[in-house]
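Enquirer: Pasted the sequence and its predicted model underneath.
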Amino acid sequence: MESKQHLYLVDGSAYIFRAYHRLPPLTNPLGVPVGAVYGYTTMLWRLADDLNKAEGPTHLAVILDASGKSFRNEIYPEYKANRPPPPEDLKPQFPLIRDATRAFSLPCIEEPGLEADDLIASYARAACERGWDVTIVSSDKDLMQLVGPHAGGRIEMLDTMKNQRIEEPEVEEKFGVPPTLVGDVLALMGDAVDNVPGIRGIGPKTATKLIQEHGSLEAALAAAPGMKPSKLRDNLIEHAEMARLSRVLVALKEDCALPVPLDDFKLGEIPPAPLTAFLEEHGFTSLLKRLDGGRGSPERKTQLNPAKPVTAGAAQAADGARQPLPDMSAVDRSAYACVQTLDDLDQWIARAFAARVVAFDTETSALDAMRAELVGISLATGPNQACYIPLAHGGTDMFAEKPQQIDRAAALARLKPLLESDAVLKIGQNAKYDLNVMARYGIAVAPLDDTMVMSFDLDAGRGEDGIGGGHGMDELAARHLGHTTLAFKDVCGTGKKAIPFGEVPLDRATEYAGEDADVTWRLHALLRPRLSSEGATRVYERVDRPLVPVVAQMERHGIKVDRERLASLSATFAAEIAKLEGEIHTLAGQEFTIGSPKQLGEILFDKLGYKGGKKGKTGQYSTDQSVLERLAGEGAEMATKVLEWRQLSKLRSTYTEALQAAINPDTGRVHTSYSLVGAQTGRLSSTEPNLQNIPIRTELGRQIRDAFVAEPGNVILAADYSQIELRLAAHMADVPALKEAFAEGQDIHARTALEMFGEVNRDTRGRAKTINFAILYGISRWGLAGRLGVSSDEAQAMIDRYFERFPGIRAYIHSTLESVRTNGYSETLFGRKCWFPRIGSSNPNERMGSERAAINAPIQGTSADIIKRAMVRMMPALEAAGLGHVRMLLQVHDELVFELPEGDVAAASDVIRNVMAGAAQPAVTLSIPLGVEIGTGPSWGAAH
DNA sequence: ATTGTCACG
DNA sequence: ACGTACGTGACAATT
């Protein structure tokens, strides 16, 4: 007699979501994220391992959700509408689940219009009809409805992560009712993630209680009018139809036509070749070893047919994938193709799909991503396997004959599915630029890797002493590939003779553009594996990589600037500047260029005879603010006037004039460009224009902030972290008095004053504030002495007292420096490294400078990590609250600036505060709270 | 291209 | 003998 058949149904889609969140962000040798795939693979392995065991499977199939809408959407259009999009580094893993299943030679079932749950239910039922037992490999609560005996078999579930079998008692423990009533409970409680409405105000507890009392959903609804008056009773009556609709949504469709007959799920031997190829492709070396090494599993195969190592070529032949280890032959620019026909383009697109990884680069008419016209696109699928697709060559002369090229709109229509495909990883160098250009042509490039950001996360601060520390492509090519790239100016010329890229002849353009994509591909192959081996994966995957599209969108939003207001300020400033200029010249007794520090120094110190020292190197007088303030204090009227002149000139040239020029004529807004690799500590920097140094400290300057305005009906909302760096210092150095002060919401500088000087007044608080900052910046007795106007001995006494009152600080400084000297780098709480190659320099100046920077970097860098995490989570959180229209515009290190309709301020403030205050979680638990201060108003100035 | 200065956190 | 707070970017003058 044949023994009992046992069918295993694996809920593949649900599994990878859980695996993704539980496993570290691994990547395969090509840089495709495969953490969840690895988890899935090990799970299949374990299942296949049970093949010969008593309770093990005789039949097995993996069931997946087909993409697109299911029949439930026809019943209820909002079904699953609340689902947040999957994370960037999960998307490319979905198609790999099918590959993994195929590698085990196991059937993989999906059916358009049906969800995995329905197929699982239908197969489980059909198997029971035949008298088989069924194990559903899942922990999905919806599937728990199925558990129990059916016809001649029985159904149970297996949660492979908790290694727990789910039978009737487990279901009843969770829902308080037997499996047959689970659907009724689910209908009452609803499901926020799947957007099953349920009944307002009813959660799991109440739902269970109602079903227990009344025996069914219908009975509970029928009994409602007789219940004692309550909100619950009213809701049951009012929303009864919602509950019935929910009941239909949570019901599983158990009579689907089976796309593949049950008998086809019979488990046979698992052929080793495809499995080996798959494991090699994704670098699952520990599994490969188990396959090769004797007691390997899945066991049968290795016994019957010991696996031979499969060569890269064989792997390629097996499934069309690219070889795992790139052959890094020399860059050969003559190997690149120029794509001028749609057929050619289609072939390249197909190659990219097959390769699953493609480097790409855009060529444009300008450096400003918000104004640049797309001129061409280059792609690379491997070393020297690159092409250039010219799209707008031939320049602006309408009558000149243009080179043969594909119509831009037609080419973009073909490229869009590739560039947006979850199954193909796109690699860029400074990808934010290309992302913004493509976004303006209606293409949302994803998923995305950025070699520049990778380089930064690996090597920030490195190479300041020789090899060059930048992260630009030319530098990276020289450093990592030993290759000198064609420079832009070699192709387009320089100065007056420069031509736009669109006028470069196609052969030359192909060499340049193809090389960019080729080199980017190669850099990716080199840098990607370093992320995991050098411990940079977490910062890259969880912080900087997801930040790229977020920052790109902020740049595209831009911020509205009131041109008239700036112009009027500018005119006021100009008049005052002219007046001061006359007065200064009179005082000097001659005309001179006030803006020239050299001339000014000579006038002040030589001609007028004020006291002042020369600067060492250039032999020039210092005339900076501190010097002029000293002179002004001594009664030098000229110094006072020069200070005023300097302030107004600065405000006018850098702000009121430059900002008007920065307004984009198409959007009417100002679009900054953020650099993710600008500051070694991990901070962002802002350029063209720099919107991170808009004045605020003086009343005159603050008026400039008033010119940053919201659109009519909207307001600007500014959210600041309060004292974040001091809070982090209190946490990282573990300083009890400071932590206590923050926990109690005290004025931290006042508390410091009390500890230091025994009393709090304006003077002591100010000095305490200076000392607090001195600590953050790496203190020296001389520096503090200069700031406080005391002797260096007195400064040293204060430092000693600070260390005494705030134990922990000294130990923090000591251990940080010790660690930097040993490892060469400092680290933030989130693992971001910053290298200090000159920490051991024999030049005391260099060495001590590095030491101060090294003390500061973990604090400044942790703060940067935290606000970056907040930025990554911000829009999904706002969207979940129905506030997807709120626009995040600017980041200023510890501040985020938003624009939103006036009526949404209250709701948005809650979300923003929560996201920012909780941004360290769950990766890091801080021992101090993160304070967030929020202000709103018609302008940025008014929002503070 | 470099220097000095000053705007911000 | 030196010269001292950390991290940025822009502008004007000067080389």
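Expert: Arrived safely. Numbers count the residues shown, from 1 in each chain, chains lettered A, B, ... in the order given.

Enquirer: Backbone dihedrals for A:Ala386, please?
Expert: phi -130, psi 160 (degrees, to the nearest 10).

Enquirer: Looking from DNA strand C, tell me which residue of the stretch 1-150 of chain A is nearest.
Expert: Going by Cβ to the nearest atom of the strand, DNA strand C is nearest to A:Glu88 of the stretch 1-150 of chain A, at 25.3 Å. All C-beta atoms are positioned from the backbone trio N, CA, C, and that covers glycine.

Enquirer: From A:Pro546, how far off is that residue?
Expert: Look at A:Glu88 and A:Pro546: by Cβ to Cβ, to the nearest Å, they are 6 Å apart.

Enquirer: same question, A:Pro107
Expert: A:Pro107 sits at a distance of 35 Å from A:Pro546 (criterion: Cβ to Cβ).

Enquirer: right, and A:Thr537 touches A:Pro25 too?
Expert: Yes. If you go by Cβ atoms under 8 Å, A:Thr537 and A:Pro25 touch, sitting 5.4 Å apart.

Enquirer: quick one: A:Asp720 is in a strand?
Expert: Yes. Assessed with DSSP: H, G, I helix; E, B strand; the rest coil, A:Asp720 lies in a strand.

Enquirer: For it, name its beta-bridge partners.
Expert: A:Glu895, A:Glu933 (DSSP bridges).

Enquirer: Identify the residues contacting it.
Expert: A:Asp894, A:Glu895, A:Val932, A:Glu933, A:Ile934 (Cβ atoms under 8 Å, 6 or more residues apart in numbering).

Enquirer: any idea how far it lies from DNA strand B?
Expert: 7 Å (Cβ to the nearest atom of the strand, to the nearest Å).

Enquirer: Now the spatially most central residue of chain A: closest residue in space that isn't a chain neighbour?
Expert: Compute the mean C-alpha point of chain A, and by Cα atoms, centre = their mean the closest residue is A:Pro546, 2.0 Å away. Using Cβ to Cβ, 6 or more residues apart in numbering and skipping residues adjacent in sequence, the residue nearest A:Pro546 is A:Val872, 4.7 Å away.

Enquirer: Ok, A:Ile779 next?
Expert: Looking at A:Ile779 with Cβ to Cβ, 6+ apart, the closest residue is A:Ile799, at 5.8 Å.

Enquirer: Any idea how many residues pack against the residue nearest to A:Leu425 when sequence neighbours are not counted?
Expert: Residue nearest to A:Leu425 in three dimensions, not counting chain neighbours: A:Val357, with 4.7 Å by Cβ to Cβ, 6+ apart. Other residues within reach of A:Val357, judged by other Cβ atoms under 10 Å, total 24.

Enquirer: Please report phi then psi for A:Val357.
Expert: Dihedral angles (degrees, to the nearest 10) for A:Val357: phi -140, psi 130.

Enquirer: doesn't A:Asn28 make contact with it?
Expert: No. Counting by Cβ under 8 Å, A:Val357 does not reach A:Asn28; the two are 9.6 Å apart.

Enquirer: Now do the shared contacts for those two.
Expert: If you check A:Val357 and A:Asn28 against Cβ under 8 Å, 6+ apart, no residue is contacted by both.

Enquirer: Would you agree A:Arg165 falls within a helix?
Expert: No. Applying three-state DSSP, one finds A:Arg165 to be strand, outside a helix.

Enquirer: what's it in contact with, if anything?
Expert: A:Glu156, A:Met157, A:Leu158, A:Asp159.

Enquirer: From DNA strand B, how far off is the second one?
Expert: Look at A:Met157 and DNA strand B: by Cβ to the nearest atom of the strand, they are 51 Å apart.

Enquirer: Measure how far the strand or helix carrying that residue is from the centre of its chain, please.
Expert: Using DSSP states H and E, A:Met157 falls within strand A:153-159. Chain-centre distance of strand A:153-159: 39 Å, with Cα atoms, centre = their mean, to the nearest Å.

Enquirer: What is the strand or helix carrying A:Glu280 packed up against?
Expert: In the assignment (DSSP H and E), A:Glu280 maps to helix A:272-281. Secondary-structure packing of helix A:272-281 (3 or more Cβ pairs under 8 Å, 6 or more residues apart in numbering; DSSP states H and E): helix A:94-103, helix A:285-292, helix A:299-304, helix A:312-319.

Enquirer: Show me what the mean pLDDT comes to for it.
Expert: The pLDDT scores in helix A:272-281 average 90.

Enquirer: what angle separates that helix from helix A:285-292?
Expert: 160 degrees (axes from the mean of the first three to the mean of the last three Cα atoms, to 10 degrees).

Enquirer: From A:Arg165, how far off is the nearest residue to A:Leu391 once chain neighbours are set aside?
Expert: Using Cβ to Cβ, 6+ apart and skipping residues adjacent in sequence, the residue nearest A:Leu391 is A:Arg408, 4.2 Å away. As for A:Arg408, its distance to A:Arg165 is 59 Å (criterion: Cβ to Cβ).

Enquirer: With A:Ala517 instead?
Expert: 51 Å.

Enquirer: With A:Leu526 instead?
Expert: Using Cβ to Cβ, one gets 46 Å for the distance from A:Leu526 to A:Arg165.

Enquirer: quick one, what contacts A:Leu628?
Expert: A:Leu628 touches A:Ala639, A:Val642, A:Leu643, A:Arg646, counting by Cβ under 8 Å, 6+ apart.

Enquirer: Filter those down to the buried ones, PyMOL style.
Expert: Under the burial definition 16 or more other Cβ atoms under 10 Å, those of the contacts of A:Leu628 that qualify are selected in PyMOL by:
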select buried, chain A and resi 639+642+643+646
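
Enquirer: Tell me the one among the contacts of A:Leu628 nearest to DNA strand B.
Expert: Closest to DNA strand B, out of all of the contacts of A:Leu628 and judged by Cβ to the nearest atom of the strand, is A:Arg646, at 4.2 Å.

Enquirer: Now do that closest one against A:Ser329, distance only.
Expert: Distance from A:Arg646 to A:Ser329, by Cβ to Cβ: 57 Å.

Enquirer: Would you mark the buried spots in stretch A:764-776?
Expert: For stretch A:764-776, burial by neighbour count (16+ other Cβ under 10 Å) applies to A:Thr764, A:Arg765, A:Arg767, A:Ala768, A:Lys769, A:Thr770, A:Ile771, A:Asn772, A:Ala774, A:Ile775.

Enquirer: now do stretch A:112-123
Expert: Buried residues in stretch A:112-123 (16+ other Cβ under 10 Å): A:Leu114, A:Glu115, A:Ala116, A:Asp117, A:Asp118, A:Leu119, A:Ile120, A:Ala121, A:Ser122, A:Tyr123.

Enquirer: Kindly report the same for stretch A:800-812.
Expert: Those would be A:Tyr802, A:Phe803, A:Phe806, A:Gly808, A:Ile809, A:Tyr812, for stretch A:800-812 by 16+ other Cβ under 10 Å.

Enquirer: same question, stretch A:38-58
Expert: Taking 16+ other Cβ under 10 Å as the criterion, stretch A:38-58 shows A:38-45, A:47-48, A:50-51, A:56-58 as buried.

Enquirer: Sketch out the low-pLDDT regions of the stretch 401-550 of chain A for me.
Expert: A:464-468 (pLDDT under 70).
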